[in-house]
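Trainee: here are the coordinates; sequence isn't available:
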């Protein structure tokens, strides 16, 4: 289930994925919600581009450390490559 920032207060959230397209972000949110996984997502900036570097905005997905293995497994089963 999508959690707000208060859910992560005082805990160390782990970045698991950066969605560079809205379509990917919405699909991953749907997959996590269906699996009942607690996760957080926020918009943030990342650097992209090979020849022409640019700052872009993406959806950053986070989970708590005790959910990390489950999140990675869910992502892999659905064709996503975990960030770390």
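Mentor: Received the coordinates, thanks. Every value quoted in this text rests on a predicted model; they were computed, and no experiment measured them. Numbering: from 1, shown residues only.

Trainee: Output the contacting helices and strands for the longest helix anywhere in the chain.
Mentor: Here the longest helix in the chain is taken by residue count, with DSSP state H as the criterion, and it is helix 22-35. Counting contacts by 3 or more CB pairs under 8 Å, 6 or more residues apart in numbering; DSSP states H and E, helix 22-35 is packed against strand 14-19, strand 54-63, helix 68-77. C-beta coordinates here come from the backbone N, C-alpha and C atoms, glycine included.

Trainee: need the contact list for the closest residue to residue 43 other than its chain neighbours.
Mentor: Closest residue to residue 43 apart from its sequence neighbours, by CB to CB, 6 or more residues apart in numbering: residue 57 at 5.6 Å. Contacts here follow CB atoms under 8 Å, 6 or more residues apart in numbering; on that basis residue 57 touches 43-46.

Trainee: can you check residue 55 too?
Mentor: By CB under 8 Å, 6+ apart, the neighbours of residue 55 are 45-48.

Trainee: ok, back up a step: quick check: bridge partners of the residue nearest to residue 43?
Mentor: When bridges are called by DSSP bridges, residue 57 pairs up with residue 45.

Trainee: can you pull the pLDDT of it?
Mentor: Each residue has a pLDDT score; the one for residue 57 is 93.

Trainee: From residue 57, how far off is residue 74?
Mentor: Summarising the geometry, the distance separating residue 74 from residue 57, computed by CB to CB, to the nearest Å, is 24 Å.

Trainee: how about the nearest residue to the residue nearest the centre of the chain, chain neighbours excluded?
Mentor: With distances taken as CA atoms, centre = their mean, residue 61 lies nearest the centre of the chain, 1.9 Å away. Computed as CB to CB, 6+ apart, the closest residue to residue 61 that is not its neighbour in sequence is residue 17, at 4.3 Å.

Trainee: need the contact list for the one you found.
Mentor: The neighbourhood of residue 17, defined by CB under 8 Å, 6+ apart, consists of 28, 60-61, 75, 80, 82-83.

Trainee: Lovely, talk soon.
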